[in-house]
Structures are given as structure tokens and as C-alpha cells.
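[1] Prediction below, plus the sequence it came from.
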Protein chains: 4
Amino acid sequence: MQLGLVGLGKMGGNMAERIRRAGHEVVGFDRSSPKRDVDSLEKLVQALDAPRVVWVMVPSGDPTRSVVRELGGLLSAGDIVVDGGNSKWTDDQLHAQELGAKGIGYLDCGVSGGVWGLQNGYALMVGGDKDHVATVQPIFDALKPPAQTDESGQELPAAGFVHAGKAGAGHFSKMIHNGIEYAMMQAYGEGYELLEATDLVDDVPGVIASWTQGTVIRSWLLDLLVRALDEDPQLDRIRGYAEDSGEGRWTVEAAIEHAVPMPAIAASLFARFVSRQDDSPTMKAVAALRNQFGGHAVRAVAAQEAERPA
Amino acid sequence: MQLGLVGLGKMGGNMAERIRRAGHEVVGFDRSSPKRDVDSLEKLVQALDAPRVVWVMVPSGDPTRSVVRELGGLLSAGDIVVDGGNSKWTDDQLHAQELGAKGIGYLDCGVSGGVWGLQNGYALMVGGDKDHVATVQPIFDALKPPAQTDESGQELPAAGFVHAGKAGAGHFSKMIHNGIEYAMMQAYGEGYELLEATDLVDDVPGVIASWTQGTVIRSWLLDLLVRALDEDPQLDRIRGYAEDSGEGRWTVEAAIEHAVPMPAIAASLFARFVSRQDDSPTMKAVAALRNQFGGHAVRAVAAQEAERPA
Amino acid sequence: MQLGLVGLGKMGGNMAERIRRAGHEVVGFDRSSPKRDVDSLEKLVQALDAPRVVWVMVPSGDPTRSVVRELGGLLSAGDIVVDGGNSKWTDDQLHAQELGAKGIGYLDCGVSGGVWGLQNGYALMVGGDKDHVATVQPIFDALKPPAQTDESGQELPAAGFVHAGKAGAGHFSKMIHNGIEYAMMQAYGEGYELLEATDLVDDVPGVIASWTQGTVIRSWLLDLLVRALDEDPQLDRIRGYAEDSGEGRWTVEAAIEHAVPMPAIAASLFARFVSRQDDSPTMKAVAALRNQFGGHAVRAVAAQEAERPA
Amino acid sequence: MQLGLVGLGKMGGNMAERIRRAGHEVVGFDRSSPKRDVDSLEKLVQALDAPRVVWVMVPSGDPTRSVVRELGGLLSAGDIVVDGGNSKWTDDQLHAQELGAKGIGYLDCGVSGGVWGLQNGYALMVGGDKDHVATVQPIFDALKPPAQTDESGQELPAAGFVHAGKAGAGHFSKMIHNGIEYAMMQAYGEGYELLEATDLVDDVPGVIASWTQGTVIRSWLLDLLVRALDEDPQLDRIRGYAEDSGEGRWTVEAAIEHAVPMPAIAASLFARFVSRQDDSPTMKAVAALRNQFGGHAVRAVAAQEAERPA
């Protein structure tokens, strides 16, 4: 089938490639990429036969909102917009309503796969109407990973794709996926740190590599940690500094909204916040209190700076 | 080679089976199992040719300590004892010292594999002397999982076995493995609960199943969660009640000893503690304080009990 | 001075009383209270001389928004509205803007004091313009606690009142105050539970009472815990069930928005969520995973129910 | 009465002073302090009339154990040793047993008061036999704070002293007190950090000072935070670096032993651990995983170092 694709960056470009390999026609637009087939949204829409499907793969927030709004003015009833970015589910609910008022379909599609997706396929979590999902299914099938068999050789149930629910359900599911990812990364990190801290263990990368088979904690993330330790056995070249993409925050916010206790994922989010602080106002206050009460010496800022290698 | 095996329960029995399938001779002793080959530790030792290897697979704590002590009186210099149970690393250090004084070797071996190990192999984390590891290696090779290939077809580096370090390192590594397991289970659990809490998502088991391919959070545990939801889609038949086996506690204790921050694993441990409480003294105090300060009504015990289905 | 007061419930009624005791005139309106002086907002406004000050003391959210909107239609330029409820700071920003467009002043005032405020005074955190604060200052002075001296007899710096900043700053400050309250209550609760858990300590209420003097953890909350234990030494009559008023949630959400790590307050919020659950979906998933992997028995729902006293 | 006091440091010296002011005779020994009255433990014991009471006020762990052991050899049946340091309760159990075998009494006494104790009195939590407590009571009475009245003028129940239970109960209670202190400090710290993070609030020290009257979170720690902010309004001169004295660790360990969930106190302990790390191995692993999966750039160690002011 034919697909319009807006956004040809690291993710969008690879996805276009995988969709084309499956035999579909992709008309790509990007503000600046030399890979683009057309140089405006108008031309993208003109280049597609109705009913059109346009997949938006641009940064979440204002960029996505702006593209969706513009598409709303260019597309016709019966066309479908798919937001494959990392939008918040509340944006999806607005977009579904706005486009729906014009008879334009809207699907939100959470996409996981990272730099590995081109080769292995992308996991897709979709929200929206059943009919719209059915229309776009050939594209979803091109993107998703191939069916696999489990350890005993049995074919696994269909995986890597789900029609999760109504508008927003796709991004909501992907958001939770990311929240889980935070806590899994944190769990491996905490275990790694304790292995490094003991002098019982001589071969930390060896222990972690050993876990990749037979254990209950084996996972793709664990395989990736083994790769990282292969390249840099003590992670000497990497600062313990971690950004967060927004989806971890939304996960905890959604948990709070629904009164869902979420201690491990929240702890993992907070650990990322801490990792980016030069100094902690919280711990300044704690140090000040210890000093006021117990006469415990504080570390003066100047003295501490002086201790650091220049 | 020849192996003495003490303990033929769920784990030990399956391990004996897997070792025999690999062509080794196993002489098994158990206090009560009808599968036992000999009916006393003395006879076990007599049935083996020196230098002997005796693998202990009994509950950690007093039972293991008692068997190891008894073996110390029965074995001779040059023999080796392997503790394959879930002992604390501090026990290993004592056992290595006690047996070493008699010229008897000691290895601690953390074993992961659960009910799946017989079929898939067991992951093994070993602590102790290099020479002793070399002697027992044929048994380790029989137990560990077969070599595998990654997604791109390349053979993965040796996994499922590691000589982690000195005495105690095997159980220490296995202990951390379990701590990570706690936090991974908790992470999936928290994500599952939030999926259940939203009305956006219609197909919670479908979302979770979709994650098993292509995503960064795919893992064996996730596959097991899919199985569990296959059998009981809303987990209606299961209470949210989780024991802990001790290793999670030791992990957090070791973290505290080494001043390693471990918020996600500790949160997961505490969640298990909470899951086993009928009522929470902490929250009784919180409720009492809210009542004292703000006049917020408390739930009286009697009234609450009355609300429950009789 | 003269004050219009909307809302004569538990808080509002006591505040009216304290303001009148200070010699001010209060015209009170409430939808239903027999204590009301007028029976409509219109009459309240008519009963006041311009420039008027109307203090709104109704539940946050829709009730407050509705009263403020209605007052916007009834008041005149130069009048001032004070929201003394528990509104979210984002509501304040809207209200300040809406009323400001009509020349009506707006102050948000976080109020702490609970059932003790009538006697001891209310702590007030105010956001808005300096001039409006100055106008309402006599009322603030009537409500706030009297100046005190510290342990050494020195007069303490002015306390119990602050002009915190621009519109929203009052409720934002009060919100953080409540977040801190959550964690302090949780801290005392956790300590109480551990005291109850050990068999070393014979006199738990005695230990807690002993802390109220000389220690670094003495506080009003601790005094209240002593009172609660006086009335019910093992808190046998209270369920460990704690509501949350919204402000704890907003505190954690604001922390997330500002990338502020907030592990202790978030943990305290989550503990309240847990306290209200009959069963935990998270722990159901954990139990299911333990069963799938290790063959650990799960507690069936039916069996567990049967164990409870009917 | 007459008291032997071992250890005349910051705490011991002030306590000697307070006991003397109450009219008791103190014979002080210290390894090095010029304030000492005798220059050996032997002379201390000789200088006291039987039955003797010797209060030990030296660092916990080996120093205390060594003094108690030595006293066991010097004292006679009917004498009493009081350990007023920060010993772990398990040490107390051993000491009570060892001394008890010789007919020597043993009391463990957790002491709180910091640099303020000389002036305000010390809070005392005591474990041991009732008879021994009665013998030492005059000293306890000299040290503890004077009786106080509450806000309404009523005399408060006896506070600042408790006979908590059997041997170890005093230090166990003091240990929990310290764990609570960690979480209270953390709670105020988190609130302070969020106040600093918002641009709504212009006067952060003012907000915190306002909380010291009328609010539910007022406490001595809050008074001390006001003092700290008076001296350094943005805590610019203090690093966010906090040691931990051991008692916070023991509190969490004891909670784990008793299966008591302790999320807020544990989070506060971990925050102190983090505050002392130059870089976090956990977060290195997280950063490495984000890079491996998503191609997210990591911060190289060299680049980061270069960003710091030399």
C-alpha cells in the first residue's frame, strides 16, 4: 500500500526503509532531510491517492501537535493520521476528536525498537478505532517483528503488535513500557554497583554475562549491558548521567492520578533526576540540619571544589 | 565423572537427572526421598572413589551448615564439597575455612533455573579456588545451558556459568541476581497495575504479550507473565501475597554495608513485606495522626471488618 | 475591618469565630449552615462596604472555582477575593488573571491549623500582590498565631504568616507543607512499627512519649502521636487506612515537573495508596511470576478469604 | 550521688557538667582530655565507693566494647555499668550477659541532645533491669530535660526519659529515633528543594520560617532549618554531602530482619549514600544501557570533567 511519512530522522528514516523493504510505497517528507521525496506537507498530501494514510514521526509536544493540526487542514474525510511519536495520551484524545470532527481517522501508535528496529522489527502499541487499525494493518505488519518460537520450539503467540484500546491507549501502553524500562535499567544498575562494591567478586562482567542464559533475569537489556561492559569493562568512559524522555514522568503522574503505588519506577525516575544534579539542595538542607543539631562539620563548597582534580 | 549429591528435592532431583543424562554417575542421598541411592552420608562417602566431589543441595542455614560440618568429618584431604543451595556468602567463608583446614576443597555455587532448569539448563555462579573449579567443571558443564546464538545468528559468548571469585562470590552473585529479580518483577507488576487502572486500554494481556518481541523490556520474566495472564487473564485467582526467600533481604543488607544506594530493589522488598500484612502499624499511626490533627475520620477496625464479605 | 466569608464549615466556622474575637466584623454566607448571616452571595456582596474583601473557604476544585467565578460577576474594581481553601496553584493563576482583568484583586492563602487553629491560631501562606496583602493584613493578623519565645526565652522571628510570592505561591507553599507532613507522619509510623515489632521494647507508648522532650525529633506531630497512643495504646481501634487530600499528589507532580528528586515524600504518598487497596494488582503479578518461575505456591483468593474471620 | 564517667569528649564533657550542676559528684576519666580527674580506668574504679556506677561515653564499636570488657575485670558484683554511647543493641545483649555473669549490672542508655543538651537536657532511653535503673535514676534525672507544659498550659506527661525494656531496648529505641530523624530531615530537604525550584515563591526562607508556628509540621528540626537559612539563605556555603552515623543503617537492617516495610527511612538513608558519591556506578550502567538501546549519547567522563570549573 501507499504511505505518507512525515519525519525522516533516526527513527523515521529507518522505519521508511523497513516499510519499503516489505514492498510498500513510502512518500517521505521532512523539514530538512535530503532523503525526503517531497518538500512540503501539501505536496505530500497531493502525492497520495485517497483514502490516504499519513504517519507522523516527529518529536512529541509542539512539533507533533503542529503537524497534526496542519494535516487536519489538508486531508479529507476517510483519510487516516497515525502518530507514531512519543506523544502524551492526552494529546491523542484531542487529536482524535479534532480530526474525527472532519471525518479523518486518527491512530496513536507507540513504537519501540530503538536503533535495532530496522533489523529486528518494531514493537507497536496502537490506540484508535478498529476499522482504522484494519486499514493500516499492512504497514503495522511490515514494521513489526517476525513471529518467533520459544525455547521449546513452539511458535509464540503473536507479539510485537497490539491494538490496545481507544484513542490514547497506544501511547499510554508505550509510556508504561518506558516506565518499566526505567526500573529494569535501575535494577540492573543497582546490582552492578553492588557487584563492583564487594571484593569477593573478581570478574564483574563475567558474572553479568553469565546471567544471560538460564537465569530468571535474562533479558534483552541484560544482553545490552553485556555489550556495554565488553566495550568498557568498568564503564570508566561513561558518566553516571541519565536524561529522561518524559514518558517516565508521565508514567508516575498517571500512577498518581489513578492512586497506583509505583515505588520502584518512581525511585528509578528520581535516580535519573539526581544523576543530573551538580549538587543537591535537599542534601544541603540535610547537611545544614546535621550541623545545627549535632555540630557535625559540613563540607564547605569552596573546600570541596578544591578537592576535585582541576 | 562421579558425583555425590545430598538433597534430592525439587531442585536436587532434577539436577541429578540432568547430570546423569550427560553421562555422569550420581550417587544420591536424601533424608527421606525414595529416589536415594544410599541411606546415610557415611554410605554416600564410602560409595565414592577418592578424590570425591559431594554436591550439597539442601535448604540454606542450619540444614546446609549441618551437612557441611558432617561431611567435614567424613571426607578426606583432596575431596571437594560444593554448596549449590542458597546459603549466605558469610556461611561460605566459614565453610571454606573449616574444610580448608582439613585439606578439603569448598566451592559455593549459586544456581538459577527454577522448574525450567532440567529442560533448559541451570545458570551457575561459582566461588572458590580455581583448581577446585577445574575439577568440578564437567558437572558444571552438564548443568549449564547449551551455547546459544543471538538474534543476528552469532554465537553468544559463554553464558550460564561463571567463576565469579573467591569463596562466597558465587552465592553473593546469585544473591544480587535475586535482588534484581525482585525489582524486575516489581517493575512489571507496577506497569501491569497501571494498565489495569486506566480505562483507555481494553486488552491488558494483549498489551503485555505485545511487549515480548521488539521492545527493550522483553525478557524471560515477561514471557512468564504472558503465560500467567493466559491462564488467568485478570489474575483473579491469585492473592497479591509474596514471600521472600532471604536473598532479597541480604542484597539490601549488603548494599547498606557497602553504602550502595539501592532504592528500586529495596522498594521491591518492602512491597513484599506489605503484601503479607493484614494491617499496617505504620498506616495505623498515620491514620491516628490525621485524626488527631485534622479531625479526619479513621476507619474503626470493627466497622471495616464488618464491610468484608463474611 | 469588615470581611465577607463564604463557607462556614469546620474550618470556615472556626476562622469566623477567631476573626470576630479580634474585633472584626464578619458577614458569613454558606449554602446551608444555620450560622450564616446572609443567604446568597449577592446579599453577601451587598452587605459589605466597598472596597470589599471576600474570603472563600469552600472545598477546592469545582466548588471554589464556581464561587470565585460568581464573585467575579458580583464584585467591583478595587475589591479583593481571598481563596483560603486548598486550591491547586494553577487555579490561582487563572483566578488572578480573570479577576485582575476586572480590577478585582486576588490572593491565595494556604491555611494550616486543623481543629487546633481556633485556639492556637492558623499558619497562613499568601500569594499575590503586595498592596492586596497589605489591605487584608488585619485579618491575617487576627488569624495567625501569637508571637512566641524559644526555649531560651528569646522572642522568635515572626512566624505563622508569610507573603510567599506571586499568585499561586501561597497554595504552592501550603502544598509543599502538606507533602512534608506526609513524610513526617510516615517517618513516625515506620519508627512506631519497628518499635512494635521488636520484643526488646516493653513500653512502646513510653518510648514515643519520651521523645517529646530533648530529642531532635520532637514536634507537634509527635505530641499528637502521644495523644493517640494515650487513647489507644496499640492503635487497636484504628485501621491502617489513610486518605490523601490531593496536595500530596500535587507535591510529587510538581517535583516531577521540576525534576526534583522526592523519594521520601513519594514513598509516603504511595504508602497511603497501598493502605486503601483490598488487594494489590502489582503483587498479584509478582506472585504469579514467582509461581511461573519457581513453582512457588500462590495464595488462592478463595483460600485466603476463607482464612479471614467471618 | 557519685558517678564514674569514662569519655569526656563533646558529649561526655557536657554531660559531666550537667550532672555536676545537679549536685552530684563526677569522677571523669578520658584517654587524653585535660579535664580528666584520674588517668586510668583502675584509678577511676578505686576512686568510687561501692556499689559503683560507671557511665561509658566513648565511640561505639571497638572502643566501647574494649572499655566495657576492661571494666568487667575491675568492677565488683553489685556495681553497674551504663553504656551511654551509640552502641548497637546486639552489643548490649552481649555486655549484659558478660557483666551479669559477674554480678555486675548493665544498662544501655540512648542519649539524644546534641550540642543543645547541656542547656536543655538530654533525652534518655534506657534498657536493662528495673533495679539497676532505680539505682541510676538520680543521674538520669539530672540529665533529662525539665518537665514542660503544653500550649494550653497543662503540664506534659513525663518526657525525655523512658525505661524502654530489657537490655538493648534503650539503644534500639535511640536507633529508631535516629532513623526517624533521617526521614524528617529528608522530608524538610525535599520540600526546601521544591520551594527553591519554583519561580512562584520569592521568599523561601520566609516560607520555611512561617511554618514554625501554627502548622502541623512545626518541630525543633524546622526551627534549626530556620537558623541555618538565617546564616546562609540559599545554603550556598554548604555542600549537599551527608555522612551517616550507623544508626540509620541499623534501623533499616532491623526493619528488614522484622519484615517491616520502611520506605521513607530507607530512601533517606540511600539519599545520604548518593550524596557522598563522586559518580554513580548504577547510573553509569543506566547511561550505558540507554546508549546501547536507543543510541542516546552518553556523557564521556573526560568531557564532563572539562566542564567543571578548574
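    Received it, and whenever you're ready, just let me know what you need.

[2] How is residue A:54 assigned, secondary-structure-wise?
    strand (DSSP: H, G, I helix; E, B strand; the rest coil).

[3] bridging residues for it?
    Bridge pairing for residue A:54 (DSSP bridges) gives the partners residue A:4, residue A:81.

[4] Contacts only, for it.
    Contacts for residue A:54 (Cβ atoms under 8 Å, 6 or more residues apart in numbering or on different chains) come out as A:3-6, A:44-45, A:48, A:71, A:75, A:79-82. Glycine gets a C-beta too; all of them are placed from N, C-alpha and C.

[5] Nearest to chain B among the residues you listed?
    residue A:82 (16.4 Å; Cβ to the nearest Cβ).

[6] what about that closest one, how many neighbours?
    29 (other Cβ atoms under 10 Å in any protein chain shown).

[7] sorry, back to before: now pLDDT too, for the contacts of residue A:54, in TSV please.
    Shown next, in TSV, are the contacts of residue A:54 (pLDDT from 0 to 100):
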residue	pLDDT
A:3	98
A:4	98
A:5	98
A:6	98
A:44	98
A:45	98
A:48	98
A:71	98
A:75	98
A:79	98
A:80	98
A:81	98
A:82	98
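
[8] Any chance of TSV for these, columns distance to residue D:126?
    Shown next, in TSV, are the contacts of residue A:54 (distance: Cβ to Cβ, whole Å):
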residue	distance to residue D:126
A:3	78
A:4	79
A:5	75
A:6	74
A:44	80
A:45	82
A:48	83
A:71	75
A:75	79
A:79	80
A:80	76
A:81	73
A:82	71
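
[9] Show the subsequent helix or strand relative to the lengthiest strand in chain A.
    For chain A, the strand with the greatest residue count under DSSP state E is strand A:105-112. For strand A:105-112, the following helix or strand on the C-terminal side (DSSP states H and E) is helix A:117-120.

[10] So which other helices or strands are in contact with that next one?
    helix A:10-21 (3 or more Cβ pairs under 8 Å, 6 or more residues apart in numbering or on different chains; DSSP states H and E).

[11] Quick one: name the residues of the stretch 201-310 of chain A near chain C.
    Proximity of the stretch 201-310 of chain A to chain C (Cβ under 8 Å from any Cβ of the partner chain) is limited to residues A:216, A:244, A:249, A:252-253, A:256-257, A:259-263, A:266-267, A:269-271, A:273-274, A:276-277, A:280, A:282, A:293-294.

[12] which of those are buried?
    Those of those that meet the buried threshold are A:216, A:244, A:249, A:252-253, A:256, A:259-263, A:266-267, A:269-271, A:273-274, A:277, A:280, A:282, A:293-294, by 16 or more other Cβ atoms under 10 Å in any protein chain shown.

[13] Among these, name the ones in helices.
    A:249, A:252-253, A:256, A:263, A:266-267, A:269-271, A:273-274, A:282, A:293-294 (DSSP state H).

[14] which of these sit farthest apart?
    Farthest-apart pair in those is A:253 and A:294; separation 37.6 Å (Cβ to Cβ).

[15] Let me have stretch A:53-68 in PDB, keeping just the CA atoms, if that works.
    Extracted in PDB, the C-alpha atoms of stretch A:53-68 (Å, rounded to 0.1, in the frame of the first residue of the first chain):
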ATOM      1  CA  VAL A  53      -2.700   7.200   5.400                       C
ATOM      2  CA  VAL A  54      -0.100   9.700   6.800                       C
ATOM      3  CA  TRP A  55       2.300   8.500   9.500                       C
ATOM      4  CA  VAL A  56       3.700  11.300  11.700                       C
ATOM      5  CA  MET A  57       7.100  10.600  13.200                       C
ATOM      6  CA  VAL A  58       8.300  13.900  14.700                       C
ATOM      7  CA  PRO A  59       9.200  14.900  18.200                       C
ATOM      8  CA  SER A  60       6.300  14.900  20.600                       C
ATOM      9  CA  GLY A  61       4.700  18.000  22.000                       C
ATOM     10  CA  ASP A  62       4.500  21.100  19.800                       C
ATOM     11  CA  PRO A  63       6.100  19.600  16.700                       C
ATOM     12  CA  THR A  64       3.700  16.700  16.600                       C
ATOM     13  CA  ARG A  65       0.700  18.900  17.500                       C
ATOM     14  CA  SER A  66       1.600  21.400  14.800                       C
ATOM     15  CA  VAL A  67       1.900  18.700  12.100                       C
ATOM     16  CA  VAL A  68      -1.300  17.000  13.100                       C
END
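
[16] surely residue A:105 meets residue A:133?
    No. Applying Cβ atoms under 8 Å, one finds residue A:105 not in contact with residue A:133, separated by 9.3 Å.

[17] Pick out whichever of the two has more residues nearby.
    residue A:105 (23 against 20).

[18] Any idea how many residues pack against residue A:289?
    Residue A:289, neighbours per other Cβ under 10 Å, totals 25.

[19] sorry, that was for residue A:154
    Residue A:154 has 8 neighbours, counted by other Cβ under 10 Å.

[20] hang on, the earlier thing: of the ones in helices among the buried ones among the residues of the stretch 201-310 of chain A next to chain C, the lowest pLDDT goes to which?
    Lowest pLDDT within those is found at residue A:294 (75).
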